[in-house]
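> compute the structure for the input listed below.
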Amino acid sequence: MKTRLMLSFALAVALISGSLLTPTKAQAADKRPIRIVGSSTVYPFSSYVAEIFGKTTRYRTPVIESTGSGGGHKLFGAGAGLNTPDITNSSRKMKVSEFERAQANGVKRITEAVIGYDGIAFAQSASNTPADIKLAHIALAVAAEVPDASGKLVPNPYKKWSDIDPSLPNRPIRVYGPPTTSGTRDAFEELCLEAATKKIEGYKGEKYSKIRQDGLWVDSGENDNLIVQKLTQDKDGFGVFGYSFLEENRDKLQGAKVDGISPTPETISAGSYPLSRSLFFYIKASHLSKVDGMYDFVKAFMSEKMIGPKGELSKIGLVPLPDHLRAASRARVLQLVPLQVKDGELSTLEDFAKKYKVTSE
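Numbering: from 1, shown residues only. From the prediction side, this is the model:
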């Protein structure tokens, strides 16, 4: 695939002359392994690349810790010293507050890598009758407060799915999901609770993202495999986790349709599945000249061999970006274009692709 990238002359000169911070003979890179923290959802993809990287290059295999997206951003943004992580994985976009904290702590240049798409599966035991649930019903099952008959928000009284709507199964509400440190939790709150409640009378069109804490939503740690295990033992339960874990456990689990749409690579890529999101990792540019092999690892991760439609990561559940966005993401990362804040928002891949007319052929 040929990639065409049109950049302004000033940006191109800056990138060539100063931004590519890979080690040179005059710079002694640190011999410790690359250190990566962050999302449990991105962890399988990052680990796969790290294992291949360690086996096929002269560099040590990167060390990866699954801390959750929020925990990863906290560790990543704690400072620029070599005692801090080089890369953090994230199943949601970095928050402006996390970016500003990192900047204040000396992490001045951060590059965002968008590697592909993932869906948030709402899944159950494969032995159950297939489920088709409205996004609004899921929101009303897990929200801390719901509207009563007068439209006033009250503590969630629903104990069974049939309490929400008589057409739903007479089945206890029990949802195993990620904790507050998880990017999957953040994405679920945004894509499910906020998206659904703004259309439900009683929430007054405002963003609502509080999850109930009366035991019917069960925080189940950062390891999505634990949720898989719980669902194989609890036929009444549903689980919230990344699509890749559903794909790996098709013999044990089935994904519910949400608003009539099944989670598949096609529906996730098209955005028709309501719980679709992008996956990321973030690079601490100041470490590139100091940590042995770091730029080469990033280059390997962003290669077509890994994130392309026929790439290795698609085999384990990553849904590839469209060609033009994949080309833009690769260009943005390999040229180490730094994140910036404008009008209170962090710069995006889509803005980069549009501004510099990145296309693919």
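> so what's V228 up against?
Residues in contact with V228, defined by C-beta atoms under 8 Å, 6 or more residues apart in numbering, are G239, F241, F245, N249, K252, L253. Where you see a C-beta, it was placed from the backbone N, CA and C, and this is true even at glycine.
> of the residues you listed - the most surrounded one?
F241 (30 neighbours; other C-beta atoms under 10 Å).
> about what we covered before: now intersect the contacts of V228 with the strands, please.
Using DSSP state E to define strands, the subset of those located there is G239, F241, L253.
> distance of the last one from D323?
Right, the one you point to is L253. Plainly put, L253 is 31 Å away from D323 if you go by C-beta to C-beta, to the nearest Å.
> and what of L275?
With distances taken as C-beta to C-beta, L275 is found 24 Å from D323.
> also D234?
Shown here: D234 relative to D323, a distance of 41 Å by C-beta to C-beta.
> what do you get for V218?
Distance, V218 to D323, using C-beta to C-beta: 40 Å.
> correct me if wrong: V298 contacts I115.
No: no contact is recorded between V298 and I115 when judged using C-beta atoms under 8 Å, the distance being 10.8 Å.
> dihedrals phi and psi, V154?
With angles defined as degrees, to the nearest 10, V154 shows backbone torsions of phi -130, psi 160.
> in the stretch 51-200 of the chain, which spans are strands?
Per DSSP state E, counting those that start in this stretch, the stretch 51-200 of the chain carries strands over the ranges 63-64, 87-90, 110-125, 132-133, 145-147, 153-155, 175-177.
> how does the chain divide into domains?
Annotated domains of the chain cover 3-118+278-360, 119-276 [automatic domain parsing].
> I'd like the average pLDDT over the first one.
In this model, domain 3-118+278-360 has an average pLDDT of 88.
> what's the residue lying closest to R250 once chain neighbours are set aside in contact with, if anything?
Nearest non-adjacent residue to R250, counting by C-beta to C-beta, 6 or more residues apart in numbering: A126, 7.6 Å away. Contact criterion C-beta under 8 Å, 6+ apart gives R250, D251, K252, L253, Q254 as the residues in contact with A126.
> which two in those residues are spaced the farthest apart?
The widest separation within the contacts of A126, taken as C-beta to C-beta, falls between D251 and Q254 and amounts to 10.1 Å.
> re earlier: the more surrounded of L275 and D323?
Counted by other C-beta under 10 Å, L275 and D323 do not tie: L275 has more neighbours, with 26 against 15.
> surely that one touches L193?
No: checked against C-beta under 8 Å, the pair L275 and L193 is beyond contact range at 11.2 Å.
> name the residue most distant from the centre of the protein?
S150 (37.9 Å; C-alpha atoms, centre = their mean).
> next one, pLDDT for it please.
For S150, pLDDT reads 92.
> that one and R332, how far apart?
With C-beta to C-beta as the criterion, S150 and R332 are 51 Å apart.
> so for stretch 247-258, mean pLDDT?
Confidence for stretch 247-258, expressed as mean pLDDT, is 93.
> go ahead and name everything in contact with it.
For stretch 247-258, the external contacting residues (C-beta under 8 Å, 6+ apart) are 121-126, 128, 130-135, 138, 228, 231-232, 238-239, 243, 246, 262-263, 273-275, 316-317.
> mind listing what's buried along it?
Counting neighbours by 16 or more other C-beta atoms under 10 Å, one finds that the buried residues in stretch 247-258 are E247, E248, N249, L253, Q254, G255, A256, K257, V258.
> do stretch 198-216 as well
Of the residues in stretch 198-216, those buried by neighbour count under the rule 16+ other C-beta under 10 Å are I200, G202, Y203, Y208, S209, I211, R212, L216.
> what's the end-to-end length of that stretch?
Distance between the boundary residues of stretch 198-216 (C-alpha to C-alpha, to the nearest Å) amounts to 23 Å.
> ok, stretch 215-233 next?
Distance between the two ends of stretch 215-233: 18 Å, counting by C-alpha to C-alpha.
> for the record, mean pLDDT for that stretch?
The average of the pLDDT scores along stretch 215-233 is 86.
> gap between that stretch and the chain center?
In terms of C-alpha atoms, centre = their mean, to the nearest Å, the centre of stretch 215-233 is set 18 Å apart from its chain centre.
> in it, what's buried?
Residues of stretch 215-233 classed as buried: 216-217, 220-224, 227-232 (neighbour count, 16+ other C-beta under 10 Å).
> dump those to TSV, plus distance to Y43.
Output for the buried residues of stretch 215-233, formatted as TSV (distance: C-beta to C-beta, whole Å):
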residue	distance to Y43
L216	27
W217	23
S220	16
G221	13
E222	9
N223	9
D224	9
I227	14
V228	14
Q229	17
K230	19
L231	19
T232	21
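> doesn't E65 make contact with S47?
No: with the criterion set as C-beta under 8 Å, S47 and E65 do not qualify as a contacting pair; they are 10.6 Å apart.
> now R332: which helix or strand?
Per DSSP states H and E, R332 falls inside helix 323-334.
> strands paired with the helix or strand just after that helix, and their directions?
As assigned by DSSP H and E, the chain's next helix or strand after helix 323-334 is strand 341-342. Pairing partners of strand 341-342, with direction, according to DSSP bridges: strand 345-346 (antiparallel).
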